[in-house]
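> Build me a structure from this.
(2 chains)
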Number of protein chains: 2
Amino acid sequence: MYDDPPPIGPRVRCIPPGEDRERLQCPDCGYISYQNPLIVVGSVAVWEDRILLCRRAIPPRRGYWTLPAGFMEEHETSQAGAAREAWEEACARIEVGGLLAIYDIPRISQVQLIFRARLLTPDIAAGPESEEVGLFRWEDIPWRDIAFPTVHWSLREHHARLGQEVCVPAVNPTPEVAARWESML
Amino acid sequence: MYDDPPPIGPRVRCIPPGEDRERLQCPDCGYISYQNPLIVVGSVAVWEDRILLCRRAIPPRRGYWTLPAGFMEEHETSQAGAAREAWEEACARIEVGGLLAIYDIPRISQVQLIFRARLLTPDIAAGPESEEVGLFRWEDIPWRDIAFPTVHWSLREHHARLGQEVCVPAVNPTPEVAARWESML
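I've put the predicted structure just below:
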């Protein structure tokens, strides 16, 4: 992924006529690229009392553990996207339930939709983007080797809702709560 | 908005190396465009027992009534985006609450996040994309002139949750429920 504008395609900042904010335009052909936030879809998928985690085989945070999650694709529903990611990253067949959490990450223009899910079988295997996959009991979760804060948050919110049939989705924790959770690692 | 690929920029379908699906590439410079679903953020914003609606001044569905909603922008949270849209479309200052509904529209690759909200003052005025704005009691909502199904759904889900402090967000109604609601117009 590029941090700087790529050397080809839309890369010159301009404010198009009638608009109020900068967009990127290709200086070669005039094409204007509308950058919008990206949707990440994922799940906390369980088999009995164990949670599916995947050790990342790709940057960022290679070698760290994450939930099966990734960018939503065109022409799929968010739940279908979460199921696709579990299949691609962990060869896991899951049934996707209600929304567990919705996280805004404006710094990188992401909205993460994390669903409750259950594995239809305990058969899992590392997909191309995973070094390893595993089913973890709560007390065995590798807390110090979690890839991203939202993974940590999602696991805690899942745990707090065990036994609840309907689920009011979590949102970003306050900075104080996030710091307290961080200090417990 | 283009229905066909635009005459400039990424417009040739190809499957990039290592990928499993088609993307659009610019034949002039090689730039590959990753098209992802777009997030629409909006709200059912109330003042006392009345709901804010906006009559669209732009296509699609010009002249029909909608909720204040639009495409989420980069580097904003979904709630901030919903507040921005209420300001842009209805000059309304709102306080955005919890998620009321999340709708998947895979045909057009949209995810709509509709929040509960309350107007901080009843002062509203049409923004550039609205012909007219209004505050409607439930029985006065112009049901036959609603712009989109998700507006209709959001209004019904809002009404069903009146008095509930916490809110389990609605998702797309089943086809049967959607048809029943449609028949009641």
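
> use CA for all of it now, contacts and neighbours both
Will do.

> On the three-state scheme, residue A:83 is what?
Classification of residue A:83 using DSSP: H, G, I helix; E, B strand; the rest coil returns helix.

> Just list the residues touching it, thanks.
A:42, A:93, A:94, A:95, A:96 (C-alpha atoms under 8 Å, 6 or more residues apart in numbering or on different chains).

> any idea how far it lies from residue A:16?
Going from residue A:83 to residue A:16 by C-alpha to C-alpha, to the nearest Å gives 38 Å.

> same thing with residue A:7?
On the measure of C-alpha to C-alpha, residue A:7 and residue A:16 end up 21 Å apart.

> is chain B contacted by the longest strand along chain A?
Longest strand of chain A, by residue count under DSSP state E: strand A:94-105. Yes. Shown here: strand A:94-105 in contact with chain B (C-alpha under 8 Å from any C-alpha of the partner chain) through A:104, A:105.

> tell me what that strand is packed against?
For strand A:94-105, the packing partners by 3 or more C-alpha pairs under 8 Å, 6 or more residues apart in numbering or on different chains; DSSP states H and E come out as helix A:78-90, strand A:110-119, helix A:149-160.

> Adding mean pLDDT, write the ones you listed out as CSV.
Below are the helices and strands packed on strand A:94-105 laid out as CSV (pLDDT from 0 to 100):
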stretch, mean pLDDT
helix A:78-90, 98
strand A:110-119, 98
helix A:149-160, 97
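
> closest one to residue B:61 among these?
Nearest to residue B:61 among the helices and strands packed on strand A:94-105 is helix A:78-90 (25.8 Å), distances taken as C-alpha to C-alpha.

> between that closest one and strand B:110-119, how big is the angle?
Between helix A:78-90 and strand B:110-119, the angle comes out at 130 degrees (axes from the mean of the first three to the mean of the last three C-alpha atoms, to 10 degrees).

> Run the angle between helix A:78-90 and strand B:94-105 for me.
70 degrees.

> So residue A:179: helix, strand or coil?
helix.

> Report the strands that pair with the least confident helix or strand in chain A by mean pLDDT, each with its relative direction.
Sorting the helices and strands of chain A by mean pLDDT, DSSP states H and E puts strand A:32-33 at the bottom, at a mean of 84. Applying DSSP bridges, strand A:32-33 is found paired with strand A:23-25 (antiparallel).

> Now do the strand it pairs with, average pLDDT.
In this model, strand A:23-25 has an average pLDDT of 86.

> distance between it and the chain's centre?
Centre-to-centre, strand A:23-25 and its host chain are 27 Å apart (C-alpha atoms, centre = their mean, to the nearest Å).
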